[in-house]
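Chemist: fold the following, please.
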Amino acid sequence: MLISVVVPCYNSEHTITELVELTLKEIRKSPEYEAEFVLVNDYSKDNTWNVLCRLAEKYPFVKAINLAKNFGQHNALMAAFHYADGDLIVGMDDDMQTHPSQLPILLEKMKEGYDVVYGQYPYRKNSFIKNLTSKFNAYTSRVLLGRPKTIVSSNYWVITRMVRNEVIKYTSYNPYVDAIFYRVTHNIADVPIEHFKREYGSSNYTFRKLVRLWLAYFNFSTIPLRISSYLGILFSVTGFIGAVAVIIRQIIAPSAQIGWASLMCVMCFFFGLSMLALGILGEYMGKIMLSISHTPQYIVREVRNTEKKDEP
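Modeler: Sure, this is the predicted structure:
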């Protein structure tokens, strides 16, 4: 059985070689498995691409993909999926936090017949802010994307070939692979594994990238539109009741002064809500525009150890 390990790489020149060698060691412990690596350089600023080329020269089963610009982690994963030929596909990060030593635990869980298995971290070795944003994203993914309540997702997962084949049919510019997994199958499980500390550097997930990830949820849910509608109804009713109250007050006490400051605050509040609703609508319209204009998910500059495939 062929195991394809797909890794989006960004500024990982100091970690990717060790990651490949340790993962290969774990896979070769079982005679039933063969290894393949699909390493995608997402326009790193360091020497990552040269390191990937050396790995491809050393190991014929290492496929190195160089993207023309920085497309983001999930777009890089979509590129990797197109080049992955394995019966099972393993998703890992390039920073050694999704440690190769935990891979046998995920593969063993897959033997129970699941389509997707996530590594679940009882204890995360991240900063407080990173843990907080991860919990927020987990909550919003459950609410907006329909993630099963009993499943805890992560960047360490294993999927079947069937799931991979369905995932690559998705051609929108702004993919979110976990949401596509949930659309393809509900035969999903998680298994507790150890979370390791980052061995080199700092997280590449800036606040801007976390916001971009959250906005990607809009591709897969109409719930934000419904929330905007419900809020519009709620505040319209509230405004109507307030207007009736003001009229009654003026009838009862005509000499009472109406507070202009409070009125302006209320107006600013409702204008803010209107702008929020317009922003949400704008996000949806922007996604539609990018999709119908056939904006590519990724552009491949060059490859190693594989014939170039057509981009979506």
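Chemist: quick one: Met162 from Cys53, how far?
Modeler: 32 Å (Cβ to Cβ, to the nearest Å). In this view, the C-beta of every residue, glycine as well, is placed from N, C-alpha and C.
Chemist: between the two, which is the more surrounded one?
Modeler: Cys53 (18 against 12; other Cβ atoms under 10 Å).
Chemist: that one is in what secondary structure piece?
Modeler: helix 48-58 (DSSP states H and E).
Chemist: now do that helix, average pLDDT.
Modeler: For helix 48-58, the mean pLDDT works out to 97.
Chemist: do stretch 74-89 as well
Modeler: Averaged over stretch 74-89, pLDDT sits at 97.
Chemist: in that stretch, which residues are buried?
Modeler: 74-84, 86, 88-89 (16 or more other Cβ atoms under 10 Å).
Chemist: please apply the same query to stretch 41-56.
Modeler: Buried residues in stretch 41-56, counted by 16+ other Cβ under 10 Å: Asn41, Asp42, Tyr43, Ser44, Thr48, Trp49, Val51, Leu52, Cys53, Leu55, Ala56.
Chemist: find the nearest non-adjacent residue to the third one, please.
Modeler: Spelled out, it's Tyr43. Spatial nearest neighbour of Tyr43, chain neighbours left out: Asn70 (4.0 Å); criterion: Cβ to Cβ, 6 or more residues apart in numbering.
Chemist: tell me which residues touch the one you found, please.
Modeler: Asn70 makes contact with Tyr10, Asp42, Tyr43, according to Cβ atoms under 8 Å, 6 or more residues apart in numbering.
Chemist: so can I have JSON lines of those showing secondary structure and pLDDT?
Modeler: Output for the contacts of Asn70, formatted as JSON lines (DSSP: H, G, I helix; E, B strand; the rest coil; pLDDT from 0 to 100):
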{"residue": "Tyr10", "secondary structure": "coil", "pLDDT": "95"}
{"residue": "Asp42", "secondary structure": "coil", "pLDDT": "97"}
{"residue": "Tyr43", "secondary structure": "coil", "pLDDT": "96"}
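Chemist: between the residues you listed, which is closest to Arg183?
Modeler: When those are compared for distance to Arg183 (Cβ to Cβ), Asp42 wins out at 24.1 Å.
Chemist: can you tell me how far that closest one sits from Asn187?
Modeler: 30 Å.
Chemist: ok, now Phe37?
Modeler: 26 Å.
Chemist: so these two - more neighbours on which side?
Modeler: Between Phe37 and Asn187, counted using other Cβ under 10 Å, the more crowded position is Phe37 (29 against 12).
Chemist: pretty sure that one contacts Val5?
Modeler: Yes - contact criterion Cβ atoms under 8 Å: Phe37 and Val5 qualify, at 4.9 Å.
Chemist: need the overlap of contacts for those two.
Modeler: Residues within reach of Phe37 and of Val5 at once, by Cβ under 8 Å, 6+ apart, are Val20, Thr23.
Chemist: what sits against Lys69?
Modeler: Going by Cβ under 8 Å, 6+ apart, Lys69 touches Tyr43, Ile299.
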